[in-house]
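Chemist: Here is a sequence together with a model predicted from it:
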Amino acid sequence: MTTSPDRVRRFHLQIDESADGSRRIRFRGSLVLLELEHVTAQLQVLGERPFAGHTSLDLQDLEYVDSAGAMAILDLAEKIKAQSGSCPIDHASPTVQGLLNLIDIQALNQPPLIGIGGQQDFITRLGDGFLEFLRDSSQVIIFLGEIIIDLLAVCIRPRIVRWGDVILTMKRTGVEGLPIISLIALLLGLIIAFMSSLQLRQFGANIFVASLLAIAMVRELGPIMTAILVAGRSGSAFAAEIGTMKVNEEVDALTVMGLNPMHFLTLPKVIASLIVVPLLTMYANLLGIIGGLIVGVTLLDLTAYSYIQETRNILTVFDFVSSYIKTLVFAFLIAAIGCQRGFQVRGGAAAVGQATTSAVVAAIFMIIVVDSIFAIILTYIPR
């Protein structure tokens, strides 16, 4: 029967030395976690003392010990054993001996397999980053494939989509995004027209400001600028909304009720983005050209008619079609990556913030990569 720790004597050590130089360290009283703070210094001093002769630990008078005390006993025995070669533990009661047998002091003294807080070398960090990139890319590709399959199913069964949510998402993504897109597109057109005019008017080629701006806005700047703004506004909102639902276990509740979270949450956002983002891009292209028109009329002595005619002459149907296709791909990537990052959330509010940031960064990265691929492909397509 084990004695209650509040009824035993306080712990103290007694060292008995014999004539042949051997020592016996007697443990008396109660060695528990609350007492350990007072006896740690004594045990540390004993572990540092030279013990050349035979030394043993006598636990006959040890009335109570807990796991912390047992670890202290084993740690002292290991330190003495390192000096004298052996340190037997004698006269331990069955209860104390059973507790000592549960503790593997050798395993506790082993260094961790992975250093905590240590600096990894550059090659290791590079390899870890590459493996993480491959894992993330595979997850994104799998999720995109699931969305494509669901979109094909929508063509057969349109009723699986909640069209009320599609209209609501179109309002949030498109209508509420018009002010910032209008401002950015107009300022971008003004800046490009003004900066290009500084060089072109030296050669009397002011009229070519219209051509330069029209090609730049329709082919590249309009689609990519609109996509980045939508990724920052709506892609992050998609990730935060679904991530919060994951934290609150609302996604699990949908699954329990027999509803497909992909159909319920993802498809309305993807379809709304595919409809709205191309319209926003055309609107941004128009505002950018209007910004260039303002510069051309006010600073370059061009008439509005000549500026518009030059813009019409330089742009072709191919430019508009390629820009539209590119914008569709951007819209699909923004919505899909935002939803995928939301479904990946595990944890609390911090995880939602990380998913939101990751959604914006990943979407912008994919926009740049896809735009580069389009630039190479469109260069070699005959017109």
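Modeler: It's in. The shown structure was predicted, so the numbers you read here are calculated from the model rather than taken from an experiment.

Chemist: Helices of the stretch 251-383 of the chain, start to end?
Modeler: Here the stretch 251-383 of the chain has its helices, by DSSP state H, counting those that start in this stretch, at 261, 267-299, 304-314, 317-343, 349-379.

Chemist: Can you lay out those as CSV showing mean neighbour count?
Modeler: All C-beta spots, glycine's among them, are computed from the backbone N, C-alpha and C. Output for these, formatted as CSV (neighbours: other CB atoms under 10 Å):
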stretch, mean neighbour count
helix 261, 18
helix 267-299, 22
helix 304-314, 15
helix 317-343, 22
helix 349-379, 16
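
Chemist: and stretch 76-84, how far out from the chain's middle?
Modeler: Distance of stretch 76-84 from its chain centroid, counting by CA atoms, centre = their mean, to the nearest Å, is 48 Å.

Chemist: next one: stretch 297-306
Modeler: Relative to the mean C-alpha coordinate of its chain, stretch 297-306 is positioned 50 Å out (CA atoms, centre = their mean).

Chemist: what's the answer for stretch 179-192, then?
Modeler: Centroid separation for stretch 179-192 versus its chain: 31 Å, with CA atoms, centre = their mean.

Chemist: Check stretch 242-250 too.
Modeler: Centroid separation for stretch 242-250 versus its chain: 16 Å, with CA atoms, centre = their mean.

Chemist: do stretch 193-209 as well
Modeler: Distance, stretch centre to chain centre, for stretch 193-209: 45 Å (CA atoms, centre = their mean).

Chemist: quick one: contacts of that stretch?
Modeler: Stretch 193-209 is contacted by residues 212-213, 291-292, 294-296, 299-302, 306-307, 310 when judged by CB atoms under 8 Å, 6 or more residues apart in numbering.

Chemist: Adding pLDDT, write the residues you listed out as TSV.
Modeler: Formatted as TSV, those follow (pLDDT from 0 to 100):
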residue	pLDDT
L212	91
L213	92
G291	92
G292	91
I294	93
V295	90
G296	89
L299	87
L300	85
D301	84
L302	86
S306	90
Y307	90
E310	90
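
Chemist: Looking at those, spot the one nearest G177.
Modeler: G291 (18.1 Å; CB to CB).

Chemist: sorry, back to before: which one of the contacts of stretch 193-209 is nearest P382?
Modeler: L212 (23.5 Å).

Chemist: I73 is nearest to which of the helices of the stretch 251-383 of the chain?
Modeler: Checking those against I73 by CB to CB gives helix 349-379 as the closest, at 41.6 Å.

Chemist: And that closest one, what does it pack against?
Modeler: Counting contacts by 3 or more CB pairs under 8 Å, 6 or more residues apart in numbering; DSSP states H and E, helix 349-379 packs against helix 222-230, helix 236-247, helix 317-343.

Chemist: For I364, give me the pLDDT.
Modeler: At I364, the model reports a pLDDT of 94.

Chemist: cool, A205 as well?
Modeler: We have a pLDDT of 82 for A205.

Chemist: Now distance to L188 too, for the helices of the stretch 251-383 of the chain, in CSV please.
Modeler: Below are the helices of the stretch 251-383 of the chain laid out as CSV (distance: least, CB to CB, whole Å):
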stretch, distance to L188
helix 261, 38
helix 267-299, 6
helix 304-314, 16
helix 317-343, 15
helix 349-379, 16
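
Chemist: Burial check on H54, number of neighbours?
Modeler: 16 (other CB atoms under 10 Å).

Chemist: Look up how far P268 lies from it.
Modeler: Remark: distance between H54 and P268 (CB to CB, to the nearest Å) = 80 Å.

Chemist: next one: M282
Modeler: 22 Å.

Chemist: likewise D61?
Modeler: Applying CB to CB, the value for D61 to P268 is 75 Å.

Chemist: before we move on, what about G348?
Modeler: Counting by CB to CB, the gap from G348 to P268 is 26 Å.

Chemist: and if you look at L279?
Modeler: Distance of L279 to P268, computed by CB to CB: 17 Å.

Chemist: And L186, by the same measure?
Modeler: When CB to CB is applied, the distance between L186 and P268 equals 31 Å.

Chemist: Now do the longest helix that the chain contains, average pLDDT.
Modeler: In terms of residue count, the longest helix belonging to the chain (DSSP state H) is helix 122-156. Mean pLDDT, computed over helix 122-156, is 87.

Chemist: Equivalent analysis for stretch 317-331, please.
Modeler: Over the span of stretch 317-331, the pLDDT mean works out to 92.

Chemist: so Y64 sits in a strand?
Modeler: Yes - residue assignment for Y64, taken from DSSP: H, G, I helix; E, B strand; the rest coil, places it within a strand.
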